[in-house]
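Trainee: below are the sequence and a predicted model; questions follow.
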Amino acid sequence: MSATVLAVALSLLSAVAYASAAVAQERLASRSPGAGLLRLLGSGAWWASVGLNGGAALLHVVALRYGPLTVVQPLGALTLVAAVPLGARIAGRRVGAAEWRGIAFTLVGLAALLVTASGPAPQEVLGVPEAVAVAGATAALIGLVARRGTRPGLRHATASGVASGVASALTQTVTVAATDRSGSPFGVQVIGVALLVAAFATAGLLLSQTAYRGGLGAPLAVVTLANPVAAAVIGLALLGERLQGGAAGVLLALAGAGLAGRGVVVLSRSAPEPAADPAPVGEEHPVAAVLALGAEAASPEPALLPRPTPGPGHLTPL
């Protein structure tokens, strides 16, 4: 099995695990609205969701060891694809025509990206000066994008996607450097970059939950699209990753990215609104809860259990 095939398989398993964790979290939140942390710690279902999140994060980290960023990061959108049938099943409904279109667009677009972005297992890593420079530039960009202004949801969503994408790019440096037999797995490079990973993964999570306060649709799409773009920029500019096929490959990759992006937007907008008999206070719409986790699929940091909220489709930080 080639390194790229292994990375794709691990990314697929990670996406399914993230989506399954979201289903478990939604069901727990709806059954126990307002439950405190101590009560959750005594719940087997909560620990199961934590285990799924942790397993999904681990699978993503391992995928980054075997596949380039330009392959692994876009596959985070597969969480949305897995979330649709899972969410529909929990909600007791059929997958709608618009959702099927979104799934088809996303899968075809990702297939085109895989053809052009396939490459060997990553070997190059960011040195400490490069990692610090990337972290500084990213922090400045996040501060610029997330500052006060119009459309705060979309601005925070963009900042979240960038933070999570950079966290994954830095995670790849940690995994490659830590498994390099010629160096120490606990050297300054590994420990320093790991601290940056934790900082950006946490920032991405908090920013995404802030972005979702005004609804999921557009912010979720922005997070899901900004994440692989940020990671791919680092991979192509600093880690020596290349698209296959020359000019034709670049055009195919752009077409695939556009099609996958279209699919993400369709899926993000297709989460159905509550019917005339709305969910009780403290419950989230199942599809909205499942889709919300899609934004974290490409982040190595496990997502946290969302606190029950006043209405469907809104997440608040713990």
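Mentor: Done, it's in.

Trainee: now the stretch 51-200 of the chain, which segments are flagged as low pLDDT?
Mentor: Scanning the stretch 51-200 of the chain with the threshold set as pLDDT under 70 gives 148-150, 181-186.

Trainee: ranges for the strands of the stretch 201-318 of the chain?
Mentor: With strands called from DSSP state E, counting those that start in this stretch, the stretch 201-318 of the chain shows none.

Trainee: pull the longest helix from this protein.
Mentor: Looking across the chain with DSSP state H, the single longest helix is helix 3-31.

Trainee: give me the helices and strands touching that helix, please.
Mentor: Helix 3-31 sits against helix 44-66, helix 69-72, helix 78-91, helix 286-292, with contacts defined as 3 or more Cβ pairs under 8 Å, 6 or more residues apart in numbering; DSSP states H and E. Any C-beta I mention is one placed from the backbone N, CA and C, and that applies to glycine too.

Trainee: what's the closest of these to H156?
Mentor: With respect to H156, and counting by Cβ to Cβ, the nearest of these is helix 286-292 at 13.9 Å.

Trainee: now the helices for the stretch 101-250 of the chain?
Mentor: Here the stretch 101-250 of the chain has its helices, by DSSP state H, counting those that start in this stretch, at 128-146, 152-178, 188-211, 217-238, 246-269.

Trainee: closest to A104 out of those?
Mentor: With Cβ to Cβ as the measure, helix 246-269 is the member of the helices of the stretch 101-250 of the chain nearest A104 (7.1 Å).

Trainee: name the residues that touch the closest one?
Mentor: Where contact means Cβ atoms under 8 Å, 6 or more residues apart in numbering, the residues beyond helix 246-269 that reach it are 74, 77, 80-81, 83-84, 98-99, 101-113, 115-117, 216-218, 220-221, 224-225, 243, 245, 291.

Trainee: picking that back up, any chance of the helices and strands packed on helix 3-31 in JSON lines, plus mean neighbour count and distance to I191?
Mentor: Putting the helices and strands packed on helix 3-31 into JSON lines (neighbours: other Cβ atoms under 10 Å; distance: least, Cβ to Cβ, whole Å) gives the following:
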{"stretch": "helix 44-66", "mean neighbour count": "20", "distance to I191": "16"}
{"stretch": "helix 69-72", "mean neighbour count": "28", "distance to I191": "22"}
{"stretch": "helix 78-91", "mean neighbour count": "22", "distance to I191": "30"}
{"stretch": "helix 286-292", "mean neighbour count": "28", "distance to I191": "32"}
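
Trainee: tabulate these (TSV), appending distance to Q25.
Mentor: Output for the helices and strands packed on helix 3-31, formatted as TSV (distance: least, Cβ to Cβ, whole Å):
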stretch	distance to Q25
helix 44-66	5
helix 69-72	24
helix 78-91	11
helix 286-292	7
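
Trainee: pull the distance from stretch 72-85 to the chain's centre.
Mentor: Distance, stretch centre to chain centre, for stretch 72-85: 8 Å (Cα atoms, centre = their mean, to the nearest Å).

Trainee: got a list of what A230 touches?
Mentor: By Cβ under 8 Å, 6+ apart, A230 lies in contact with T138, G161, V162, S164, G165, V166, A169.

Trainee: ok, and the closest non-adjacent residue to it?
Mentor: Distances taken as Cβ to Cβ, 6 or more residues apart in numbering place G165 nearest to A230, at 3.1 Å, with adjacent residues excluded.

Trainee: please apply the same query to G161.
Mentor: A226 (2.6 Å).

Trainee: ok, now L207?
Mentor: Of all residues not flanking L207 in the chain, S160 sits nearest, at 3.7 Å (Cβ to Cβ, 6+ apart).

Trainee: surely that neighbour meets A201?
Mentor: No: contact criterion Cβ atoms under 8 Å: S160 and A201 do not qualify, at 10.6 Å.

Trainee: which one of these two has more residues nearby?
Mentor: When S160 and A201 are compared for neighbours, S160 comes out ahead with 31 against 23, by other Cβ atoms under 10 Å.
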